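> Below is the sequence, then the predicted model.
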Amino acid sequence: MCIVFRKLQNYFTTQPSMCTVTYIPKPDNTFILTSNRDEAVGRKTLAPSFYTIDGVKMLFPKDAVAGGTWIGISDKSRMICLLNGGFEAHVRIENYRMSRGVVVKEFLKADNLLKAIKDFNYQGIEPFTIIAIDWANLLQATELVWDGITAHITKLDNKPKIWSSATLYDATMKKKRRNWFSVFAETTDWSSGSLLQFHKQAGEGDAHIDLQINRGLLKTVSITQVEKDPEACKMTYHDLYSDEVHAIAFKMETV
């Protein structure tokens, strides 16, 4: 039994999961994006910090295993958020060419985001979904789904939206979560506080599928919220293990 447990623990520690994301576009080129990271309990993560990569200033929490990230802001007036998996659950292979978290950093530093998304070589990368938000001019959100064969690129409309990782949630679970979000949308003021509570509490009392999950070795380990106002972008990282909160403002010339 102990050997089986250690094998399972090692599997979940080395295979990243994640997550649930909501995106709320607001007036005046502002928005709130909130991301639950559903991850192995033993997978180490570093709290958000500033980095300079190829001359581009970035702010992101770092996955200590692969060195990438699932969410970040850069001085290109841009935010990138990653979910693992495409439209449906996939069968993993043993080795991939590049970590999906490294793709996030590649898009954060690109001079032209849409061109970078269209021209990127996705072959040999595990399926993923990215929500890319650019406000260098007008606010534009783009959804990219790499299903392992084709990159599906969609410009998003100006409406609230929720995503759940295909690696953890089947079609029935995703539909339930969309329903919870629809009910929440009818009564909310779309504040950062109300969205944080939704990401912590939404569900039906089943920790297997609620927004804050607990599946034993796999749990919601953190909630990261990016709120853009007319002055800056603020990233707030809630570590659900230590109960610590890290709030960092990213001020840019173009906001």
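Noted; the coordinates are in hand. From a predicted model like this one, the values you see are computed outputs, not experimental measurements. Residues are numbered from 1 along each chain as shown.

> can you pull the buried residues of stretch 32-48?
32, 33, 34, 35, 36, 37, 38, 39, 40, 43, 45, 48 (16 or more other Cβ atoms under 10 Å). (C-beta placed from N, C-alpha, C; glycine too.)

> Helix or strand: which one has the last one?
Which is residue 48. Assigned by DSSP states H and E, residue 48 belongs to strand 45-53.

> Neighbouring strands - and their directions - for that strand?
strand 56-63 (antiparallel) (DSSP bridges).

> Quick one: mean pLDDT for the strand holding residue 48?
The average pLDDT for strand 45-53 rounds to 95.

> Just the CA trace of it, in CSV.
Extracted as CSV, the C-alpha positions of strand 45-53 are listed here (Å, rounded to 0.1, in the frame of the first residue of the first chain):
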residue,chain,number,x,y,z
THR,A,45,5.4,26.9,-6.3
LEU,A,46,7.2,30.2,-5.8
ALA,A,47,5.1,33.2,-5.0
PRO,A,48,4.8,36.0,-7.7
SER,A,49,8.0,38.0,-8.3
PHE,A,50,9.4,40.2,-11.0
TYR,A,51,11.6,38.7,-13.7
THR,A,52,13.3,40.2,-16.8
ILE,A,53,13.4,37.7,-19.7
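
> May I ask which two of the buried residues of stretch 32-48 are separated the most?
32 and 40 (27.3 Å; Cβ to Cβ).

> What ranges does the stretch 51-200 of the chain have for its strands?
56-63, 71-74, 78-84, 128-134, 140-146, 151-155, 161-164 (DSSP state E, counting those that start in this stretch).

> wait, which of those is closest to residue 232?
Across the strands of the stretch 51-200 of the chain, closest to residue 232 is strand 71-74 (Cβ to Cβ), at 9.7 Å.

> any residues touching the closest one, and which ones?
33, 35, 56-61, 79-82, 104-105, 108-109, 224, 226, 233, 235, 250 (Cβ atoms under 8 Å, 6 or more residues apart in numbering).

> before we move on, back to that, out of the strands of the stretch 51-200 of the chain, flag the one nearest residue 240.
Using Cβ to Cβ, the strands of the stretch 51-200 of the chain put strand 56-63 closest to residue 240, at 12.9 Å.
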